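>>> return a 3D structure for these sequence lines:
(2 chains)
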Number of protein chains: 2
Amino acid sequence: MNDEIFSFRSIGTIYSPHNKISSIPIQPVFCNDIKGSIVLETEYKDALRGLEGFSHIYLFYYFHKSRKVCLRLKPYLSDQEQGIFASRAPHRPNKLGMSLVRLVSIEDNILHVMDIDILNGTPLLDIKPYIQRFDSRDNVRSGWQDTIPEDIAVSRGVREYKAEEM
Amino acid sequence: MNDEIFSFRSIGTIYSPHNKISSIPIQPVFCNDIKGSIVLETEYKDALRGLEGFSHIYLFYYFHKSRKVCLRLKPYLSDQEQGIFASRAPHRPNKLGMSLVRLVSIEDNILHVMDIDILNGTPLLDIKPYIQRFDSRDNVRSGWQDTIPEDIAVSRGVREYKAEEM
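Below you'll find the predicted structure:
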């Protein structure tokens, strides 16, 4: 067992209309057009140079409301238990969240994004650009996810989200 | 400035033929068939359930040899300075690495993978499955990356890697 600790700091805050965990769709693909913003600490403003040319970006963040670790759980889209590493659920050994969102615009140290599935007030850890030649794959098998029909994935994936609540 | 620190622990170790940083291709797409393995701490074995059905997985790790932060730098594929958040380079405020690799097989707590672009001995932080319906995007603009022709990207992207050196 390796006891080394790696320290990450918040580099900004993610703002979204999602204030209730159970009402957040489980992934950005089920968050069509939901708007959010990221306020980056001003000291990192320079690190955004060139990002405005990307249509999609990965946000990495800390699941700050997750208080437990579940090595197995039943994901929203599955009727069977899966290992946490075969799912995107928050209760992971290291509470790292990733969302692939659409970048709308950047104003100074503020990023405006769409398709956000992140709890309001979540601490941001990193931003990486989505690069078609690096991040897109063909001939993919998606394990237990492939057994879920698209209509069921959509209806379960939005969870209790209702646009009018926001 | 938010001073909260988020602690991550190594959950395993990534092994690869890459022992010299300057010889590592910059991305898995330039690491065709290079084999690696991940030895997960045995306490997390249960968390792998169901992962074997996925052909591709994201590995998240700590850039443990990066000793500095560069807010702007010239990425390998670019002739111009870009912000670190518009690049995938290691010298980030939080030293989070991500690689999308092919999963070949899982034996007990060991994962065999291909297309690995990670330094031998790197501490693993998280594994997430690549899920076609969540992670693939159409109509993508990839900013400055779109200005680099594919042949130049490939020739620069492999860096000093030579298969026979390994």
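>>> who touches A:Tyr62 in this structure?
A:Phe8, A:Ser10, A:Lys95, A:Leu96, A:Gly97, A:Thr122, A:Pro123, A:Leu125, B:Phe6 (Cβ atoms under 8 Å, 6 or more residues apart in numbering or on different chains). C-beta here means a position set from N, CA and C on the backbone, and glycine is covered the same way.
>>> list the contacts for the last one?
So that's B:Phe6. For B:Phe6, the contact set (Cβ under 8 Å, 6+ apart) comprises A:Ser7, A:Phe8, A:Arg9, A:Ser10, A:Tyr62, A:Lys95, A:Pro123, A:Leu125.
>>> other residues contacting the biggest helix by length in chain A?
Longest helix of chain A, by residue count under DSSP state H: helix A:150-157. Helix A:150-157 is contacted from outside by A:Pro25, A:Ile26, A:Gln27, A:Val29, A:Phe30, A:Tyr76, A:Leu77, A:Gln145, B:Arg133, using Cβ under 8 Å, 6+ apart.
>>> how about the residue most central in space within chain A, what does it touch?
Nearest residue to the geometric centre of chain A (Cα atoms, centre = their mean): A:Ser99, 2.5 Å. Going by Cβ under 8 Å, 6+ apart, A:Ser99 touches A:Gln27, A:Pro28, A:Tyr58, A:Leu59, A:Tyr61, A:Ile116, A:Asp117, A:Ile118.
>>> can you give me phi and psi for the fifth one?
Dihedral angles phi and psi of A:Tyr61 (degrees, to the nearest 10) take the values phi -150, psi 170.
>>> correct me, but it touches A:Gly97?
Yes - A:Tyr61 sits in contact with A:Gly97 when judged by Cβ atoms under 8 Å, with a separation of 4.7 Å.
>>> any common contacting residues for these two?
Common neighbours of A:Tyr61 and A:Gly97 (Cβ under 8 Å, 6+ apart) are A:Ile118, A:Thr122.
>>> run the contact check for stretch A:49-57 versus chain B.
Yes - contact between stretch A:49-57 and chain B, assessed by Cβ under 8 Å from any Cβ of the partner chain, occurs at A:Arg49, A:Gly50, A:Leu51, A:Glu52, A:Gly53, A:Phe54, A:Ser55, A:His56.
>>> mean confidence score for that stretch?
Stretch A:49-57 carries an average pLDDT of 98.
>>> start to end distance for that stretch?
End-to-end span of stretch A:49-57 (Cα to Cα, to the nearest Å): 14 Å.
>>> give me every residue that touches A:Val69.
Contacts of A:Val69 (Cβ under 8 Å, 6+ apart): A:Ile84, A:His91, A:Arg92, A:Pro93.
>>> can you pull out the strands in chain A?
In chain A, the strands defined using DSSP state E lie at A:5-9, A:12-15, A:35-40, A:56-62, A:72-73, A:82-83, A:96-107, A:110-114, A:122-129.
>>> state the phi and psi torsions of A:Asn120.
Dihedral angles (degrees, to the nearest 10) for A:Asn120: phi -60, psi 130.
>>> filter the contacts of A:Val69 down to the ones near chain B?
Checking those against chain B (Cβ under 8 Å from any Cβ), the matches are A:Ile84, A:Arg92, A:Pro93.
>>> can you list those residues in JSON lines and add neighbour count and pLDDT?
What follows is the ones next to chain B among the contacts of A:Val69, written out as JSON lines (neighbours: other Cβ atoms under 10 Å in any protein chain shown; pLDDT from 0 to 100):
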{"residue": "A:Ile84", "neighbour count": "27", "pLDDT": "98"}
{"residue": "A:Arg92", "neighbour count": "25", "pLDDT": "97"}
{"residue": "A:Pro93", "neighbour count": "22", "pLDDT": "98"}
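>>> sorry, back to before: which one in the contacts of helix A:150-157 is the model shakiest on?
Among those, A:Tyr76 has the weakest pLDDT, 85.
>>> now A:Asp138: how far from B:Leu77?
Look at A:Asp138 and B:Leu77: by Cβ to Cβ, to the nearest Å, they are 22 Å apart.
>>> same question, A:Gly143
Relative to B:Leu77, and taking Cβ to Cβ, A:Gly143 is found at 32 Å.
>>> any idea of the pLDDT on the closest residue to A:Cys70 other than its chain neighbours?
Leaving aside its chain neighbours, A:Cys70 sits nearest to A:His91 (4.2 Å; criterion: Cβ to Cβ, 6 or more residues apart in numbering or on different chains). Note for A:His91: predicted pLDDT of 96.
>>> cool, A:Met1 as well?
At A:Met1, the pLDDT value in this model is 52.
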